[in-house]
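**Student:** Return atomic coordinates for the entry below.
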Amino acid sequence: MDKVQEIINEMKEKYEIKDLNLNASLTDLQIDSLDVVEFLLSLEDKYNITFEAEEMQDLKTASDLIELIKKKVK
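**Tutor:** Next up is the predicted model:
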């Protein structure tokens, strides 16, 4: 399993998401902005990557979040 899929699985487990609709808004998935920041900070520590505050502000959907993660871990 690649890192991105591993991270997606972590996200699904952490937020108890059974079926991840990539077009769903983060609020529809019960993920608020604080949750996103906490999740990304944990990824920074685990994978030694950095997310800029500006990047985090633009996240609206699950797809946005996953695309940002892909950009950083590859």
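**Student:** Can you tell me the element the residue nearest the centre of the chain falls in?
**Tutor:** In the chain, the residue lying closest to the centroid (CA atoms, centre = their mean) is residue 65, at 4.4 Å. Secondary-structure assignment from DSSP states H and E places residue 65 in helix 62-73.
**Student:** Quick check: buried residues in that helix?
**Tutor:** Neighbour counts over helix 62-73 (16 or more other CB atoms under 10 Å) mark 62, 64, 65, 66, 68, 69, 72 as buried. C-betas here are computed from N, CA, C, even on glycine.
**Student:** Of these, just say which sits nearest to residue 4.
**Tutor:** The closest of the buried residues of helix 62-73 to residue 4 turns out to be residue 69 (CB to CB; 6.2 Å).
**Student:** In space, what's closest to the closest one - neighbours in sequence excluded?
**Tutor:** Closest residue to residue 69 apart from its sequence neighbours, by CB to CB, 6 or more residues apart in numbering: residue 7 at 5.4 Å.
**Student:** mind checking how far the one you found is from residue 28?
**Tutor:** Between residue 7 and residue 28 the distance is 20 Å, computed by CB to CB, to the nearest Å.
**Student:** more neighbours, the two?
**Tutor:** A count of neighbours by other CB atoms under 10 Å puts residue 7 above the other of residue 7 and residue 28, at 21 against 11.
**Student:** hang on, the residue nearest to residue 69 packs against residue 68?
**Tutor:** No - using CB atoms under 8 Å, residue 7 is not in contact with residue 68; the gap is 10.7 Å.
**Student:** avg pLDDT for whatever helix or strand residue 44 lives in?
**Tutor:** Using DSSP H and E, residue 44 sits within helix 33-47. For helix 33-47, mean pLDDT rounds to 88.
**Student:** Cool, thanks, signing off.
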